[in-house]
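[1] Next comes the sequence, and after it the predicted model I'd like to discuss.
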Amino acid sequence: MEEQNTNVEEQNIQSEEETKKEHKPFKRFIALGLGIVVAAATAYFIHDALMYQSTDDAYVETTTVQVAPRVSGQITEVYITDNQKVKEGDLVAKIDPADYEIALAQSEAKYERTLLNQKNAKANFKAMQSNIEVAKKDLDRYKNLYEQGAVSKQTLDAAQAKYDSAQANLTQAEESLLSQGGSKVADADLKEIKASRDKAKLNLSYTNIYAPQSGTVSNRRVEKGMYVNVGSPLFVIVPEDVWVVANFKENQLRHMKPGQTVDIKVDTYPNKVFKGKIDSIQRASGAKSSLFPPENAVGSFVKIVQRIPVKIVFTENINPDEYNIVPGMSVVPKVRVK
């Protein structure tokens, strides 16, 4: 009985060894396959790292325009709502023009009155010139007649008095002309009055507030009936023209230059790859361009890898109704550098 059990155990051991021998080629094949896969993956990632540079520190940017009034007053009309699209030159709001209409009327009246005074002064001066010419001729004639004994001394004195009066009137007319526009001071006064009138015209035109560029209204703060001051923010216009600002590490810029193609993935649309190109590379790091750049002139120093902003523009036409790409969205650009 014991011998039978021993034989059975020996047979089992022999069977297990034969099974192991049979599985060895299969295991070798699996190991070889895994090695090839790992090697291929490593080669792919090395190739990808050499050919492309990518970062997740990137965002959609644009230049927003804050709309503010150029004159103060009460808002009488508002023609826009939040997220409304507007075109450049659209009338978006109105300020009560009454005060500015009165100011313009006063300035125009003062300007017209000044021009009229100048015109009258010139006409009066010409008339006085004519009068003195007549008086001079009469005086010369009466002098000759008096020497001939044809007229009395009284008549000659009357002609002399008439000439003296004409001379005084001419002097007065000349002074009036100079004060109204015949001198540098008067000309400067007229220019000042004209400038005040033109300024009043501008202020009246500023009561109509127009969209300075096309885009979408955002952050609207204006309501009908509000009193606004010069420079008070009313709303913001966000244009449709957007781009990407990607902050690459400084050691990623070695082979990067404007014009290189970029694949752009927007987090909002993960299954879509947008096409773009490098527009420009900033000439300073983000930290150096900040309001308060860091100073390292201290005893302790820790080296930090700096990031350089790179501007990337879209090279394909994007339908805003299909892909609503707005400023602030996170993106992942992939730049082909070789």
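    Looks like it arrived, so ask away.
[2] which strand is the longest one in this protein?
    Taking DSSP state E as the criterion, the chain has its longest strand at strand 269-281.
[3] Buried residues of that one, list them for me.
    Within strand 269-281, the residues that count as buried by 16 or more other C-beta atoms under 10 Å are 274, 276, 278. Where you see a C-beta, it was placed from the backbone N, CA and C, and this is true even at glycine.
[4] mind giving me JSON lines with those residues and columns for pLDDT and distance to residue 110?
    Formatted as JSON lines, these follow (pLDDT from 0 to 100; distance: C-beta to C-beta, whole Å):
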{"residue": "274", "pLDDT": "96", "distance to residue 110": "61"}
{"residue": "276", "pLDDT": "96", "distance to residue 110": "59"}
{"residue": "278", "pLDDT": "96", "distance to residue 110": "59"}
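[5] ok so, going back, for the longest strand of the chain, name the packing helices and strands.
    strand 261-266, strand 307-314 (3 or more C-beta pairs under 8 Å, 6 or more residues apart in numbering; DSSP states H and E).
[6] can you redo those as JSON lines with mean neighbour count and distance to residue 332?
    Output for these, formatted as JSON lines (neighbours: other C-beta atoms under 10 Å; distance: least, C-beta to C-beta, whole Å):
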{"stretch": "strand 261-266", "mean neighbour count": "19", "distance to residue 332": "5"}
{"stretch": "strand 307-314", "mean neighbour count": "20", "distance to residue 332": "11"}
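[7] What are the buried residues along stretch 209-219?
    So, applying 16+ other C-beta under 10 Å, buried residues of stretch 209-219: 209, 211, 213, 215, 216, 217.
[8] Give me the contacts around that stretch.
    64-65, 67, 69, 80-95, 234-240 (C-beta atoms under 8 Å, 6 or more residues apart in numbering).
[9] With just CA atoms, put that stretch into CSV.
    The C-alpha trace of stretch 209-219 is given here as CSV (Å, rounded to 0.1, in the frame of the first residue of the first chain):
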residue,chain,number,x,y,z
ILE,A,209,-23.1,106.3,-25.8
TYR,A,210,-22.0,103.9,-28.6
ALA,A,211,-20.4,100.5,-28.6
PRO,A,212,-16.7,101.1,-29.2
GLN,A,213,-16.3,97.7,-30.8
SER,A,214,-18.2,94.5,-31.7
GLY,A,215,-18.6,91.8,-29.2
THR,A,216,-20.8,90.5,-26.4
VAL,A,217,-22.1,92.6,-23.5
SER,A,218,-20.9,91.4,-20.1
ASN,A,219,-21.0,92.6,-16.5
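[10] For the remainder of this discussion, apply numbering that starts at 39.
    Okay, residue one is now 39; in that scheme the one you just asked about reads as stretch 247-257.
[11] Work out the gap between it and the centre of the chain.
    12 Å (C-alpha atoms, centre = their mean, to the nearest Å).
[12] Centre of the chain to stretch 159-172, how far?
    58 Å.
[13] Now do it, average pLDDT.
    Computed over stretch 159-172, the mean pLDDT rounds to 74.
[14] which secondary structure element contains the residue nearest to residue 99 when sequence neighbours are not counted?
    Using C-beta to C-beta, 6 or more residues apart in numbering and skipping residues adjacent in sequence, the residue nearest residue 99 is residue 283, 4.7 Å away. Secondary structure assigned from DSSP states H and E places residue 283 in strand 281-287.
[15] for that strand, packing partners?
    Using 3+ C-beta pairs under 8 Å, 6+ apart, strand 281-287 is in contact with strand 96-99, strand 345-352, strand 369-374.
[16] picking that back up, run through who's touching the longest strand of the chain.
    Here strand 307-319 has contacts from 281-282, 291, 294-304, 346-354, 356, 361, 371, 373, using C-beta under 8 Å, 6+ apart.
[17] Recalculate using a threshold of 6 Å.
    Residues from elsewhere that reach strand 307-319, judged by C-beta atoms under 6 Å, 6 or more residues apart in numbering: 296, 298-303, 348-354.
[18] chain center to that strand: distance?
    25 Å.
[19] Neighbouring strands of that strand in the sheet, and parallel or not?
    strand 299-304 (antiparallel), strand 345-352 (antiparallel) (DSSP bridges).
[20] Now find how far off-centre the longest one is within its chain.
    Read that as strand 345-352. Relative to the centre of its chain, strand 345-352 is centred 20 Å away, using C-alpha atoms, centre = their mean.
[21] Check the gap between the residue nearest to residue 279 when sequence neighbours are not counted and residue 364 for me.
    Nearest residue to residue 279, sequence neighbours excluded (C-beta to C-beta, 6+ apart): residue 100, at 6.4 Å. Counting by C-beta to C-beta, to the nearest Å, the separation of residue 100 from residue 364 is 8 Å.
[22] repeat for residue 227
    Distance from residue 227 to residue 364, by C-beta to C-beta: 55 Å.
[23] Residue 116 contacts residue 132, doesn't it?
    No - judged on C-beta atoms under 6 Å, residue 116 makes no contact with residue 132 at a distance of 8.1 Å.
[24] Spit out the residues that contact these two alike.
    With C-beta under 6 Å, 6+ apart, residue 116 and residue 132 have no common neighbours.
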